[in-house]
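return a 3D structure for these sequence lines:
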Amino acid sequence: MIKNYKILNSKQVKEVHSVLKAQFGFEGRIDGVFLENNKGRLYLVNRDFEDLPYEELNVDSIGLYIAARMPDGIRLTIEGAQIVGVQAKHNVLVLSEGQLHAWLKGEDLDLEEEAGRGADNGYYIVKHQEDFFGSTKVRDGRALNYLSKSRRLKVIND
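Below you'll find the predicted structure:
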């Protein structure tokens, strides 16, 4: 155990993969060691991590932040969406150019437009053409934007 992190055992990793399969149709395997902090955030580190004397290490952060466990599923980060999205079979929200621009500025999207019409409530991977831009939670016809302020597109003139 690392300070503030728990290493997930194989049963817990299978549970994560099971949720990813249920939510996104992801049937692949994410290779690496999964860590979870006390806020339910999931991190991924290389398998070589297992060879380190991690009990002796004092670290503030470790690994690639890929997802957060939420009461109603898993919310993927941009990096998590890029890993899972390639093999996702459902719950992928494809955005138009205009929707992508609004998304990157941090705006929620009204899904009454052509892309996303009829989307059920739940978590979706956000995609435009061949690129993945994180995830969203669709609720009542709106895609909620979870893009952090530091990653938003700063636009002076629209």
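
for Asp31, which non-adjacent residue is closest in space?
Arg47 (7.1 Å; Cβ to Cβ, 6 or more residues apart in numbering). Any C-beta I mention is one placed from the backbone N, CA and C, and that applies to glycine too.

give me the mean pLDDT for stretch 40-56.
Across stretch 40-56, pLDDT averages out at 84.

repeat for stretch 71-83
Averaged over stretch 71-83, pLDDT sits at 95.

hang on, the earlier thing: dihedrals phi and psi, the residue nearest to Asp31?
phi -60, psi -30 (degrees, to the nearest 10).

my guess is it contacts Ile7, does it?
No: Arg47 is not in contact with Ile7 according to Cβ atoms under 8 Å; the separation is 11.9 Å.

more neighbours: the two, which one.
Ile7 (16 against 9; other Cβ atoms under 10 Å).

after the lengthiest strand in the chain comes which helix or strand?
For the chain, the strand that runs over the most residues, judged by DSSP state E, is strand 131-139. Using DSSP states H and E, the helix or strand that follows strand 131-139 in sequence is strand 142-145.

that following strand packs against which elements?
strand 109-110, strand 131-139 (3 or more Cβ pairs under 8 Å, 6 or more residues apart in numbering; DSSP states H and E).

out of the ones you listed, deepest packed?
strand 131-139 (a mean of 20; mean count of other Cβ atoms under 10 Å).

name every strand pairing with that one and say which way it goes.
Paired neighbours of strand 131-139 in the sheet (DSSP bridges): strand 122-128 (antiparallel), strand 142-145 (antiparallel).

Asp108: which of the ones you listed is closest?
Asp108 lies closest to strand 142-145 among the strands paired with strand 131-139, at 5.1 Å (Cβ to Cβ).

how about that closest one: buried residues?
142-143, 145 (16 or more other Cβ atoms under 10 Å).

just stretch 19-28 next, same as before
For stretch 19-28, by 16+ other Cβ under 10 Å, it's 19-20, 23-24, 26.

could you list the low-confidence segments of the chain?
1, 54, 57-60, 113-118, 156-158 (pLDDT under 70).

and the helices and strands packed on strand 142-145 as TSV, adding distance to Asp120?
Below are the helices and strands packed on strand 142-145 laid out as TSV (distance: least, Cβ to Cβ, whole Å):
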stretch	distance to Asp120
strand 109-110	15
strand 131-139	7
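
no more questions from me, cheers.
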